[in-house]
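Enquirer: quick one, fold the following:
(2 chains)
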Number of protein chains: 2
Amino acid sequence: MAVQTVAVSTDSSAEAVDLGPAAALSCRECGERFELGPIFACASCFGPLEVAYDLPSGSPEELKKRIEGGPDNIWRYAPLLPVPADVADKPNINPGFTKLVKADNLARELGVTGGLYVKDDSGNPTHSFKDRVVAIAVEAARAFGFTTLSCSSTGNLAGAVGAAAARAGFRSCVFIPHDLEQGKVVMAAVYGGELVGIEGNYDDVNRFCSELIGDPLGEGWGFVNVNLRPYYGEGSKTLAYEICEQLGWQLPDQIVIPIASGSQLTKIDKGLQELIKLGLVEDKPYKIFGAQAEGCSPVSTAFKAGHDIVRPQKPNTIAKSLAIGNPADGPYVLDIARRTGGAVEDVDDEQVVDAIKLLARTEGIFAETAGGVTVGVTKKLIEAGLLDPALTTVVLNTGDGLKTLDAVAATSQATATIRPSLDAFRAAGLAAG
Amino acid sequence: MAVQTVAVSTDSSAEAVDLGPAAALSCRECGERFELGPIFACASCFGPLEVAYDLPSGSPEELKKRIEGGPDNIWRYAPLLPVPADVADKPNINPGFTKLVKADNLARELGVTGGLYVKDDSGNPTHSFKDRVVAIAVEAARAFGFTTLSCSSTGNLAGAVGAAAARAGFRSCVFIPHDLEQGKVVMAAVYGGELVGIEGNYDDVNRFCSELIGDPLGEGWGFVNVNLRPYYGEGSKTLAYEICEQLGWQLPDQIVIPIASGSQLTKIDKGLQELIKLGLVEDKPYKIFGAQAEGCSPVSTAFKAGHDIVRPQKPNTIAKSLAIGNPADGPYVLDIARRTGGAVEDVDDEQVVDAIKLLARTEGIFAETAGGVTVGVTKKLIEAGLLDPALTTVVLNTGDGLKTLDAVAATSQATATIRPSLDAFRAAGLAAG
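Expert: Numbering: from 1, shown residues only, chains lettered A, B, ... in the order given. From the prediction side, this is the model:
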């Protein structure tokens, strides 16, 4: 199966798989290249595979114009993604092009003078950034002839897969720990796919899914975060593209990104590098900062200790969407943070809650716990002098507060409860305008 | 205070209030005109006031170009709204330009051949159409020098006001019944404004707010749905503008709109009429359909009985965001449905739940109960031969399923719960691709 050159993507066996500019899969460790297919690990060194491209030629101005004339979703960047050119005409949930909010009120509170922006991915169809990665996986599943879309999940991903499969015409079968919170079960089940509770924890679910992929029972199944992972991961590049386009085709000076597996952070870096290479943005330095919750901080712990390897942790934090104790892309995150002059930091659960409420109170954005992590880490990095408040800074909010209401419930209650009378209202002391 | 002509908007007293093309308030009953101000009822006949405009002159092509070059939110229509020309530069939550989803899967299920679209307002910042109306009220509050934004609410509106006030720099004070569901309390409180529980039901809350407006205690307070209501209501016009622009500057043949107070439906009709008058769309017939829940169906009951007046009902339905038993704009809704050749229909709670799940399963859109009402009514109208499946049809989803999880919880559960083994999976019979 292993091949050495990009040429494989134009030979007869590969012609059936049209994923646009995607030319091959290449191993991030040893560089070996493979034909496009539902594989995720290098046959030689077991390193992770990622998509290699034949990026568009032509002038940056032509490409910008083409992008700006495209749809108001991630498909405007189809020339830079592993999707066919006519992707926008196929049924998909069409995520992306979410708001980049200029957060002047938050900037004042944090003392940022160089321009502070929140990239708010709660505006996606199922209200998390997972819609971006799943939308790309859907097109790969289509190209490879899969009929069932699947994943293991504890929350956001289950909803994103259920919704995308429903619209794109796939059967879906999502695996979750059997004792998940009721709200998450409902969100995963409402799209009408199969939802299977596994008697065990998330690790057991993952182990089961790996078994299933290798078994004839799993034939025709695309697991978005396993055998479609190389394609899936590319969806995060669109965050980089959108941020730069929305800044007027400029790189931000600093970006703060949450870390779960670390994939999102590495793909945003990849996206920024592509924009530089294509001449769509000026080549200038930028710093990438990673954000974790203290209760699951294997990468920030390694960063602060100066280690190159990431020691697994047992997660214990309210930021459940970031609670991956053994992050696959951890070492790459360390590389990127160090190469760009950034850092990786963590905040405790109380700081997460405070940051969710800070963002809500200043900008009217209700973030999920992952957004509390990035805002909280931004504050901490400024106080520590690691993030320069005089530079343009983008903070990611990757999800929606409606999905993690419990985090703020105890401290978000009515100010007062009164009888319906003006006297009672006067006595409550709330009249002052 | 009463004045007879549009000229008042250019005299010295009105110069301080710059609400763009808004020229005056006019009574919908007797036509008397009043200066722009925080008033909502005609001084002569107590009829409701609405905004009268000096709409832009110039060619339709110029106006289209100006709109299409505007921001990706409701402010692209600033020349048609009661907001200053520089509104996009002011802090606001910038709702709108939500997706118009071509719902081919749903169309197949319902037998619609003429093109079926879902206007999905769950993509707004706080995930309901209320962001549109509140955003306009914020600009009116700014123009009138109010410092506190307020409302009475049982859900979506509280969140929209809290978020918008936070970002726009207003104090907010929202009044709710004291025994509201915990989730809704949290959503209303997280933005950090005052949240006052009133010991009583929603009627008691409303009565208290009316008292407060008339009292010195309420000085400087803008109640978005009371003394700012004429401006607030105009926000719903943007749904009409967006639908037509997203259809390529075409009127849809049929629109299905939920009815709570009926304001949204009447303003969408107003918006469509404006587009025709301005030459932005071809003047052709369109039909407007109203949708209610059977447990709160005063307007559909009147429509079906051939009455001109709407008899109040005591609401009892899971579609709580539509549960207004005495809808202020009910008679206007009857007029519009009859004038355009549409209808008003209702569905029971079981049909609401079925319709929520139908939309989720076919299009990956998880609607709140109000969206279940419109989809359910669309199905019923087609079956009754009142809605023509061969014509272009737009169905509104005005909110998000995450806010009304209870409606579908009982019937959205795991398909199976199994041990983490291939044998158990095989036995569950879910492998068939």
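
Enquirer: spell out which parts of the stretch 251-400 of chain A neighbour chain B.
Expert: Contact residues (C-beta under 8 Å from any C-beta of the partner chain) of the stretch 251-400 of chain A with chain B: A:Ile356, A:Lys357, A:Ala360, A:Arg361, A:Thr362, A:Glu363, A:Gly364, A:Ile365, A:Phe366, A:Asp400. No exception for glycine: its C-beta is placed from N, CA and C like everyone else's.

Enquirer: how about a cut-off of 7 Å?
Expert: Contact residues (C-beta under 7 Å from any C-beta of the partner chain) of the stretch 251-400 of chain A with chain B: A:Lys357, A:Ala360, A:Arg361, A:Thr362, A:Glu363, A:Gly364, A:Phe366.

Enquirer: dump those to JSON lines, plus pLDDT and secondary structure.
Expert: Shown next, in JSON lines, are those (pLDDT from 0 to 100; DSSP: H, G, I helix; E, B strand; the rest coil):
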{"residue": "A:Lys357", "pLDDT": "98", "secondary structure": "helix"}
{"residue": "A:Ala360", "pLDDT": "98", "secondary structure": "helix"}
{"residue": "A:Arg361", "pLDDT": "98", "secondary structure": "helix"}
{"residue": "A:Thr362", "pLDDT": "98", "secondary structure": "helix"}
{"residue": "A:Glu363", "pLDDT": "98", "secondary structure": "helix"}
{"residue": "A:Gly364", "pLDDT": "98", "secondary structure": "coil"}
{"residue": "A:Phe366", "pLDDT": "98", "secondary structure": "coil"}
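
Enquirer: quick one: low-confidence ranges for chain A?
Expert: Residue ranges of chain A with pLDDT under 70: A:1-15, A:432-433.

Enquirer: mind redoing it with 50?
Expert: Within chain A, the ranges that satisfy pLDDT under 50 run A:1-14.

Enquirer: re earlier: what is the nearest of the residues of the stretch 251-400 of chain A next to chain B to B:Ala409?
Expert: When these are ranked by distance to B:Ala409 (C-beta to C-beta), A:Phe366 comes first, at 21.7 Å.

Enquirer: how many residues are close by the closest one?
Expert: Using other C-beta atoms under 10 Å in any protein chain shown, A:Phe366 has 30 other residues around it.

Enquirer: not counting its neighbours along the chain, what's nearest it?
Expert: A:Gly401 (3.4 Å; C-beta to C-beta, 6 or more residues apart in numbering or on different chains).

Enquirer: ramachandran coordinates for that neighbour?
Expert: Dihedral angles of A:Gly401 (phi, psi; degrees, to the nearest 10) stand at phi -60, psi -30.

Enquirer: from the residues of the stretch 251-400 of chain A next to chain B, which would you call buried?
Expert: A:Lys357, A:Ala360, A:Arg361, A:Thr362, A:Glu363, A:Gly364, A:Phe366 (16 or more other C-beta atoms under 10 Å in any protein chain shown).

Enquirer: helix, strand or coil for A:Thr238?
Expert: Per DSSP: H, G, I helix; E, B strand; the rest coil, the secondary structure class of A:Thr238 is helix.

Enquirer: residues contacting it?
Expert: Contact analysis of A:Thr238 by C-beta atoms under 7 Å, 6 or more residues apart in numbering or on different chains lists A:Ile74, A:Tyr77, A:Gly96, A:Arg132.

Enquirer: now swap in A:Cys30 and tell me
Expert: Residues near A:Cys30 by C-beta under 7 Å, 6+ apart: A:Cys42, A:Ser44, A:Cys45, A:Gly47.

Enquirer: the third one: what secondary structure?
Expert: With three-state DSSP as the basis, A:Cys45 sits in coil.

Enquirer: which non-adjacent residue is nearest it?
Expert: A:Cys45's closest residue in space is A:Cys30 (C-beta to C-beta, 6+ apart), at 4.6 Å.

Enquirer: also the second one?
Expert: When the adjacent residues along the chain are set aside, A:Ser44 lies closest to A:Glu32, with 5.3 Å between them (C-beta to C-beta, 6+ apart).

Enquirer: residues in contact with A:Ala88?
Expert: In this structure, A:Ala88 makes contact with A:Pro71, A:Trp75, judged by C-beta under 7 Å, 6+ apart.
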